[in-house]
Every structure is written in C-alpha cells, then in structure tokens.
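Asks: Next comes the sequence, and after it the predicted model I'd like to discuss.
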Amino acid sequence: MKQKSPLLIIKRIKEQSFFIDEVLLDDPSGKIRIEFGQQLGFVPDDNLVGFTLRIYYFYPTYPQKILAEIKVQNIFEVSGLNTFVVNETEIRLPKETITAIVGVSISHARALLAKNLSGTILQENLPGITDPEEVAHYFFPKMFA
C-alpha cells in the first residue's frame, strides 16, 4: 500500500552564504560549469527537515577554483516525521515529499542567486530549469526505491 504524503510547510528560508570572485573569471573559452550539492538534516521530535542547497560555479579545467557559490538553507515542517525515520542518521520520505522539498529549495536558491549575481559578469548565467524529481532521485536514490 502506498504511503500518503505528509503535510509539508515551509518554516524558514535562509541564505547562509554567497561568494563571487570576478577576478577569476578570465578564461577566454568562457565555459563555466554549474554544480549542485546538498545536505539534509532532520529533527523528528519537532517534525523538522532541513535541506541546504549549494550551487557553485567553476571552470571544468580548474574545478578547485570556485568562481561563485551560494548556500541556501530551507527548513520544512513535515507532519508525522517520526514515521519516516530509519535510524538516527537516515529518513526515507515519500518520493513526492522529497521531490517537493528539493524543487522548492532549488527555486529559492535560484531566486537568491539571481538577486546576488545582478550587476556581475555572471548575471545572465543562472542554473537552468531542472526536473526536481530527477534531482531528488540523484541526491536521495533510497527514497525512490
């Protein structure tokens, strides 16, 4: 039997950091790569899930030199979170729920990134539109098993 998706409420959105180094933006090829990283945490007793999304820019030939980066933390209230706890370090949310968390978080990060990149050399180089289910599946394959 399919488990019903829990109620999901956005509690907080916080830009944890933003960084850009326009001096490094001197590669004549202009090929810049954009990657995503993430961190997921949870507090079952408070029904809270924290999802921090990192978006960063770099040249593929020099991946250690970060050109720009943003980290945005999103805190969600997930009703009945205790029912999804596997152990102290793992939860398995329904795929619809984790997809919604990832999708909303990407949207928040993209909006804050657009604001911060305004007036810089990267202002027109925002991450493309992504399929949140595909990204969620990439980050959390066990939640799609």
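Replies: Cool, the structure landed.
Asks: buried stuff in whatever helix or strand residue 112 lives in?
Replies: In the assignment (DSSP states H and E), residue 112 maps to helix 95-117. Applying a neighbour-count criterion of 16 or more other Cβ atoms under 10 Å, the buried positions in helix 95-117 are 95-106, 108-110, 112-113, 116-117. In short, each C-beta sits where N, CA and C put it, glycine included.
Asks: got a pLDDT number for the residue nearest the centre of the chain?
Replies: Residue closest to the average C-alpha location in the chain (Cα atoms, centre = their mean): residue 53, at 2.8 Å. Listed pLDDT for residue 53 reads 98.
Asks: Strands of this protein, start to end?
Replies: Remark: strands assigned in the chain by DSSP state E are 8-20, 33-43, 48-59, 62-78, 85-87, 90-91.
Asks: how far does the last one sit from the chain's center?
Replies: Chain-centre distance of strand 90-91: 17 Å, with Cα atoms, centre = their mean, to the nearest Å.
Asks: now what about it, what contacts it?
Replies: 40, 42, 44, 49, 81, 84, 85, 142 (Cβ atoms under 8 Å, 6 or more residues apart in numbering).
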